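**Q** Fold the following, please.
(3 chains)
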Amino acid sequence: MYTVKVFFESIASTLSNPVLLFHLSWSTLLGILVGILPGLTATLGVAILTTLTFGFPPEIAIPMLLCVYIGAIYGGSRTAIVLNIPGTPANAATTVDGFPLARSGMAGFALNVATIMSGIGSIVGAIFIVSLAPALGALALKFGSWEFAILAIFGTIIAGSLTAPKDPLKGWIAGFLGLMIAMIGLDEIVSFPRYTFGNIQLYGGISLLPVLVGVYGVPEILTSLKRVTKAEVVLDFSKSERKLSYLETIKKNALNLLRSGIIGVFIGVIPGVGEDVAAWVAYDAAKRMSKEPEKFGKGSIEGLTAAETANNACVGGAIIPVLTLAVPGSAPAAVLLAAMWIHGIKAGPLLPIQHPEMIGYVAGSFVIATILMVVFGLLVTRLFLKILLVPTEILMPIIFVLCVVGTYVLNGRLFDVWVMLLFGLLGYFMRINDFPAAPFVLGFILGPMADTNIRRALMLKNGDISPFFTRPISLVLIIAITLVVLSKYLPKKRGEKR
Amino acid sequence: MKDRISALVFIALGIFFLIGALRMPRTTEYGKYGAPGIVPAFFSIMVVLLCFIMLVRKQRSNSESSSTPAEVKRAENRRLLLASAMFLAYVFLLGKINFIVLTSVFLSVTSMVFLRKRFILTVTISVAVTVGIYYLFSRVFLLPLP
Amino acid sequence: MRKFLVVLIAVLVVVSFAQWKPAKSITVIVPWAAGGSTDQVTRMITSQMEPLLGRKFIIVNTPGGAGSIGTLNAWQAPHDGYTWTANATLDLTKYAVLGYMNVTHRDWTYFLCAEAPNVVVVNPNTPYKTIEDLVKAMRENPEMPLSSAGTGSGGHVALEIFAEHLKLKYKHVPYAGGAPATTAVVSGEVVGNMQFIHEVADMARAGKLRILCTLASEPINLQGYGEIPSIRQWYPDFPDVRFHFGLIIPKDVPEEVLKTVGEVFEKAANSDVFKEWALKQGLRPVCYYGKEAEEIVEQVARRVTWLLYDRGIATVSPEQFGIPRIGQ
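**A** Below is the predicted model of the structure:
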């Protein structure tokens, strides 16, 4: 109840604070712009703003980061609809129906529907933060080393299967590669330098940000620069003033909205599995439940709704484990977690006790960010879309420079830029061989958590591994992993997915 | 074929990490369960194992790769190599040459090479963007640039 | 407007007595993650020094290697007074004997502004009501799991001093920081720990932890919790365990730098804003610099380095650096 009270109070206090509103507004616009530009992801946006808000007090900085995060996930849908390229990985599912709609002259309608549905999804996310986070916080205090160890591996494996549904083996390989590479640097228990080869720069391990920028940014830049054929931008708003009413669309999709929202939130809660997966899963579910599944892929409003609702609801879901377990629910949430640390907010099981107001405050900021996103989305994004008319040959080198600069300013060392480039090439190699990037990044994020908790669990019981199977939460997670792995190799009831 | 090559590359990487893990100290002040090599060994074995499964499994049909004609592919590869080389050169020269000069030149040259038209426009945009980035980071947000 | 006036007055005050006028921003390398104890103390004290020096401080977090990487970076930067580091005295003293760097605590000079006492906490569901109960249980069970923020961290060294003085054995379980080490006590994964008071204060106030005593020589009054007795109430000859946080500058920077920083630091450490903040955190605001601070650090070094070496954790003998044992 306390959380609900703080939730409404923080919305009211934000709306009456013009300075804060100003900062939040430009953060949202920045987020939308980052989302629109292919190659600039939500993760990158949150990371760059983190460096810029070092000097701000946390009451301003954290809501600003939420605005960029939500704005970017939403902004990506613009590009997906008019260019058939997802602005961020989260909008991959949006292209499937969004672009056909745009081609048929309904670009304006599709853009606005996506805006409204994103907003509704985002609100669903906020509701779940308020209702689910305090409960999960109480549960989190029961998490011991065993649960954290299994949770890390659980997240990686789920991400592997969900991001590579056609060939989960590749997803799992990518995941374990990420876990393995995370082992570089001084280990956190005995400070032994692992795989450092005497290089002092490697003692601190490889920083998260260069890896993220490299794996997500560089392959995107390289792919679009090498493309000889031009991408088609559809800014055709001819049929946008159709009689189709937005209210009617929402009513028709009420069930779809609810289902996609809930799918989004729960996929968000799973460590590291992010918005892209949420959108695909919700899209899949919508297609299966739909009365007109044949329209999917040819411009179905239902498909567009499912994808855009789920990816924004997922943002809320991803923040829940950040607040209560200090475990990121997605890649941008990992940066958000780091930013909270920078501002002295120690997310984790102790948060509800040390900063009881935090959950309500974050949820409140979330709603404000959503409102700003919808307002700006309906008003100005058509103007922003003009940036897509800039040839990629000019845009992409600029984005590359931004990647380099963004990586450099974080620690002020060129070493990180080389790391970014190296992981960029690895990311490109993985991409052309159909390995998904998400489980790799996730494994990289969760690696240290898996490492220290596995060893600590062994140390606590002198090598006895039975607690993994006797502690209830741990056992549930192990059963879930087994089911996920087995389900991929049992005979399929339905045809190939997607 | 593509799967085989990537499987072999990752198996090599996994074995490299496994050897490293096995050479780490086996016992620590926390006894043998605190040994730093346990978890890296586990992860690298998993990588090798999963890649091995991929290596020996039945080949999946590759439908996508055949769709692009060889000529386009060659052109794409040329552009890819060119882009990679320019990126490498840029990062290599970073910190050795003044940031504004280097970045302006890099942006202009890259855009010109790939776009091959509207030279004056690209140079203007490049210089403007560079100066913009420089001022945003080093003056507005007080962050050091290379 | 008021801010502007404060700055203006501060600048005028500085101009009237300072010999060293920094020509650019000063970088402080915090060798720990942002948000940790060292980081918070550093940001607070430098924010108070900023208007007095008239220059911005840039705080760079370079975590890793138990804080040795950032410390090494600070040492390798030019010794011109524009690159400082910040740390807990305890951490800085051990890098040499752990083999991380050849620079010892004697090559730096210190500006210590906060003192952190260690407290003994246990999970409230355990039957231990006083420190004597805990000691008795530890004598019966040499495998009692106790947590810390990692090898050689403040909580770990406190555990080691405790075990050595009372001739006890225990099972040390390290975590990646004070917060998870404390969570482990709350969740019951370990029995207790001896972390710094500000790391456990909130949980103790919420009744999720029981504080048995402090390892400092005098009792402490923790706001919102009550009086915490000193361990000397039960063991009168227990050594006085005190660790400090502060700014650290290479000793061989130009002399006028140290003189000016000392003057500015004294004002900042005695400012009401800083004192109030420190007390709220459970830290004791102090102000030691120059010879006085160096002597405090020397005592810490003598105790910590030998303790780590005797337990086989440190690989290099303190003798190599001419660090004698306490009392020698």
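
**Q** which residues does the residue most central in space within chain B contact?
**A** Geometric centre of chain B, nearest residue: B:S84, 9.4 Å, by Cα atoms, centre = their mean. B:S84 is in contact with A:222, A:425, counting by Cβ atoms under 8 Å, 6 or more residues apart in numbering or on different chains. Every residue, glycine included, has its C-beta placed from N, CA and C.

**Q** Which of the helices or strands spans it?
**A** helix B:70-93 (DSSP states H and E).

**Q** Can I get the helix or strand that that helix is followed by in CSV? Just the C-alpha atoms.
**A** Of the helices and strands lying after helix B:70-93 in sequence (DSSP H and E), the nearest is helix B:99-115. Taking Å, rounded to 0.1, in the frame of the first residue of the first chain, the C-alpha atoms of helix B:99-115 are listed here in CSV:
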residue,chain,number,x,y,z
PHE,B,99,40.2,14.8,-32.5
ILE,B,100,38.4,17.4,-34.6
VAL,B,101,40.7,17.1,-37.6
LEU,B,102,40.8,13.3,-37.6
THR,B,103,37.0,12.9,-37.2
SER,B,104,36.2,15.4,-39.9
VAL,B,105,38.5,13.8,-42.3
PHE,B,106,37.3,10.3,-41.4
LEU,B,107,33.6,11.2,-41.8
SER,B,108,34.1,13.1,-45.1
VAL,B,109,36.3,10.3,-46.6
THR,B,110,34.0,7.5,-45.5
SER,B,111,30.9,9.2,-46.8
MET,B,112,32.5,10.1,-50.1
VAL,B,113,33.9,6.7,-50.7
PHE,B,114,30.5,5.0,-50.1
LEU,B,115,28.2,7.6,-51.5
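
**Q** Is helix B:99-115 positioned near chain A?
**A** Yes. Using Cβ under 8 Å from any Cβ of the partner chain, we find that helix B:99-115 touches chain A at B:103, B:106-107, B:110-111, B:114-115.

**Q** tell me the angle of that helix relative to helix B:70-93?
**A** Angle of helix B:99-115 versus helix B:70-93, following axes from the mean of the first three to the mean of the last three Cα atoms, to 10 degrees, is 170 degrees.

**Q** Hmm, A:S300 and A:D97 touching each other?
**A** Yes. Using Cβ atoms under 8 Å, A:D97 makes contact with A:S300 at a distance of 4.8 Å.

**Q** Sketch out the low-pLDDT regions of chain B for me.
**A** B:59-68, B:139-144 (pLDDT under 70).

**Q** and with 50 instead?
**A** B:63 (pLDDT under 50).

**Q** Quick check, the residue in it closest to chain C?
**A** Nearest residue of chain B to chain C: B:E29, at 5.7 Å (Cβ to the nearest Cβ).

**Q** since we're on that residue, how many residues are nearby?
**A** Summarising burial for B:E29: neighbours were counted as other Cβ atoms under 10 Å in any protein chain shown, giving 13.

**Q** Nearest residue to it in space, please, no chain neighbours.
**A** C:I313 (5.7 Å; Cβ to Cβ, 6 or more residues apart in numbering or on different chains).

**Q** what's the burial count for that neighbour?
**A** Neighbours of C:I313 (other Cβ under 10 Å): 20.

**Q** so it sits in a helix?
**A** No. Counting by DSSP: H, G, I helix; E, B strand; the rest coil, C:I313 is not part of a helix but coil.

**Q** who's in contact with it?
**A** C:I313 neighbours (Cβ under 8 Å, 6+ apart): B:29, C:98, C:151-152.

**Q** distance of it from C:G99?
**A** The spacing between C:I313 and C:G99, counted by Cβ to Cβ, to the nearest Å, is 11 Å.

**Q** buried sites along the helix holding B:S84?
**A** Neighbour-count burial for helix B:70-93 flags B:76, B:79-80, B:83-84, B:86-87, B:90-91 (criterion: 16 or more other Cβ atoms under 10 Å in any protein chain shown).

**Q** Mind pulling up the pLDDT for C:D133?
**A** Here the pLDDT value assigned to C:D133 is 95.

**Q** Please spell out which residues along whichever strand or helix holds it are buried.
**A** Following DSSP H and E, the helix or strand that holds C:D133 is helix C:131-140. By 16+ other Cβ under 10 Å, the buried positions in helix C:131-140 come out as C:131, C:134-135, C:138.

**Q** Toward the C-terminus, what is the element adjacent to that helix?
**A** strand C:145-148.

**Q** Residues contacting that following strand, please?
**A** Under Cβ under 8 Å, 6+ apart, the answer for strand C:145-148 is A:460, C:155-156, C:159, C:170-175, C:181-182, C:184-185, C:189-195.

**Q** Does at least one residue of the helix or strand where B:G132 lies sit close to chain A?
**A** Using DSSP H and E, B:G132 maps to helix B:119-134. Yes. Counting by Cβ under 8 Å from any Cβ, chain A is contacted by helix B:119-134 at B:122, B:125-126, B:129-130, B:133.

**Q** tell me which of the residues you listed is nearest to B:A41?
**A** Among the residues of helix B:119-134 next to chain A, B:I133 lies closest to B:A41 (Cβ to Cβ), at 44.2 Å.

**Q** Just confirm the closest one contacts A:V401, I think it does.
**A** Yes. Here B:I133 reaches A:V401: they are 6.6 Å apart, a contact under Cβ under 8 Å.

**Q** And these two? Which one has more around it.
**A** Each of B:I133 and A:V401 has its neighbours counted (other Cβ under 10 Å); A:V401 has more, 22 against 19.

**Q** Let me see the contact set for the more buried one.
**A** Contact partners of A:V401, counting by Cβ under 8 Å, 6+ apart, are B:90, B:103, B:106-107, B:129-130, B:133.

**Q** what bridges to the residue nearest the centre of chain C?
**A** Nearest to the mean C-alpha position of chain C, counting by Cα atoms, centre = their mean, stands C:A88 at 3.3 Å. Beta-bridge pairing of C:A88 under DSSP bridges involves C:F245.

**Q** Quick check: phi and psi at the residue of the stretch 1-150 of chain A found nearest chain C.
**A** Using Cβ to the nearest Cβ, the closest approach of the stretch 1-150 of chain A to chain C is made by A:G144 at 4.5 Å. Backbone geometry at A:G144, expressed as degrees, to the nearest 10, gives phi -110, psi -170.

**Q** what's the spacing between it and chain B?
**A** Per Cβ to the nearest Cβ, to the nearest Å, A:G144 is found 16 Å from chain B.

**Q** Name the nearest of the buried residues of helix B:70-93 relative to C:P22.
**A** Distances from C:P22 to the buried residues of helix B:70-93, taken by Cβ to Cβ, are shortest for B:V91, at 32.2 Å.

**Q** So the closest one sits against A:V405, correct?
**A** No. B:V91 is not in contact with A:V405 according to Cβ under 8 Å; the separation is 11.3 Å.

**Q** What sits closest to residue 293 if chain neighbours are left out?
**A** In the absence of a named chain, chain A is used. Distances taken as Cβ to Cβ, 6+ apart place A:K287 nearest to A:P293, at 5.3 Å, with adjacent residues excluded.

**Q** ah, no, chain C please
**A** C:Y110 (3.9 Å).

**Q** do A:P58 as well
**A** A:P58 sits nearest to A:H343 (Cβ to Cβ, 6+ apart), 3.7 Å away.

**Q** how deep is that neighbour tucked in, by neighbour count?
**A** Using other Cβ under 10 Å, A:H343 has 20 other residues around it.

**Q** Relative to A:V19, how far out is it?
**A** Taking Cβ to Cβ, one finds A:H343 at 18 Å from A:V19.

**Q** cool, and C:T315?
**A** Distance, C:T315 to A:V19, using Cβ to Cβ: 54 Å.
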